[in-house]
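Colleague: Attaching a predicted model along with its sequence, questions to come.
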Amino acid sequence: MNSSRVVVSLDFSDAKQALDLTRKLDPENCKLKIGKELFTRAGPGLVEKLVSSNFEIFLDLKYHDIPNTVASACRAAADLGVWMVNVHASGGRAMLEAAGEALDKTPNKPLLIAVTVLTSMSDEDIRELAIMNSVAEQVLLLARLAKSCGLDGVVCSAKEANQLSIELGKSFCLVTPGIRPAGSSNDDQKRIMTPAEAINAGSHYLVIGRPITKAADPLAALNAINAEINSVI
Ligand code: C5P
């Protein structure tokens, strides 16, 4: 495994655009995230191609289904050779444990990460789902559940990282989007942190898209972010 904490988010609508970008990057200097749009359009072939080019892949498909189905999907992801997969913690204990047990039997077990509460949701939104906790309380509850089921970590906002790392311990892996190097555009992100701030708050891996993918020189942008991170770890 390379030591970079940066996961470049491949938010593209086809394989060609994704490959044009990854050809400019170095598998030793970053990891890559493939989400629902690119996976649905380009399929597992793209994942296998990038894995065979030595990239570590976070397959961000946020599985949420009955335990047997999620376990089988996780096994299929592991068979593609990915480095990290994720599931919704709100799928519950049986689903989370089934996912973990399925991955335990795979030769190169990917990290298993939970999504807690989607950051697009407010206290009001979850109340409509009959969840009386605040978003912050629900995030902590679901993160604790994920940890107690043996998952490796959670996806969370960097703004939640400090609290979660105090509550769940420094070895519980925190994967955080919403990262913007100082001086770069916020795009549509509202609550941002710089790479150094996120690492200092307890983030393990930073999911970063546009500051790298839309940069005139993506490799230079990635190198600058890696250097910023290395200056604080
Ligand atoms: O371009 P940008 O750095 O904003 O991309 C962030 C990536 O992280 C996107 O793929 C986005 O969907 C994802 N993400 C996020 N906020 C979350 C969860 C995922 O920005 N709470």
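Modeller: All right, it came through fine. As the structure is a prediction and not an experimental result, all values here were calculated from the model. Numbering: from 1, shown residues only.

Colleague: is it fair to say residue 61 lies in a helix?
Modeller: No: with DSSP: H, G, I helix; E, B strand; the rest coil as the criterion, residue 61 is assigned strand and is not in a helix.

Colleague: what sits against it?
Modeller: For residue 61, the contacting residues are 35-36, 39, 73, 77, 85-86, taking C-beta atoms under 8 Å, 6 or more residues apart in numbering as the criterion. The C-beta positions use only the backbone N, C-alpha and C, and glycine is treated the same way.

Colleague: do residue 124 as well
Modeller: With C-beta under 8 Å, 6+ apart as the criterion, no residue contacts residue 124.

Colleague: and the helix or strand containing it, how far out from the chain's middle?
Modeller: Taking DSSP states H and E as the definition, one finds residue 124 inside helix 123-127. Counting by C-alpha atoms, centre = their mean, to the nearest Å, helix 123-127 is centred 24 Å from the centre of its parent chain.

Colleague: What distance do you get for residue 144 to the ligand?
Modeller: Taking C-beta to the nearest ligand atom, to the nearest Å as the measure, residue 144 and the ligand are separated by 19 Å.

Colleague: Closest approach to the ligand from this protein, which residue is it?
Modeller: Across the chain, the shortest distance to the ligand (C-beta to the nearest ligand atom) belongs to residue 209, at 2.5 Å.

Colleague: Double-check that residue against residue 9; I have them as touching.
Modeller: Yes: Residue 209 is within contact range of residue 9, at 3.6 Å (criterion: C-beta atoms under 8 Å).

Colleague: quick one: which of these two has more around it?
Modeller: A direct count of neighbours by other C-beta atoms under 10 Å for residue 209 and residue 9 places residue 9 higher, at 22 against 19.

Colleague: Would you map the helices across the protein?
Modeller: Under the criterion DSSP state H, the chain contains helices at 15-22, 36-52, 67-80, 93-104, 123-127, 135-148, 158-168, 195-200, 210-213, 218-230.

Colleague: ok so, going back, contacting the ligand as well, which ones from the contacts of residue 61?
Modeller: When the contacts of residue 61 are filtered against the ligand using C-beta under 6 Å from any ligand atom, the residues retained are residue 35.

Colleague: Please indicate which of the contacts of residue 61 has the highest neighbour count?
Modeller: Comparing those on neighbour count, residue 86 comes out first with 28 neighbours (neighbours: other C-beta under 10 Å).

Colleague: what pairs with that one across the strands?
Modeller: In this structure, residue 86 has beta-bridge partners residue 113, where bridges are defined by DSSP bridges.

Colleague: Name all residues that make contact with it.
Modeller: With contact set as C-beta under 8 Å, 6+ apart, residue 86 has these partners: 58-63, 112-115, 155.

Colleague: and this protein, which residues reach the ligand?
Modeller: Residues of the chain lying close to the ligand by C-beta under 6 Å from any ligand atom are 9, 11, 35, 119, 177-178, 187, 189, 207-210.
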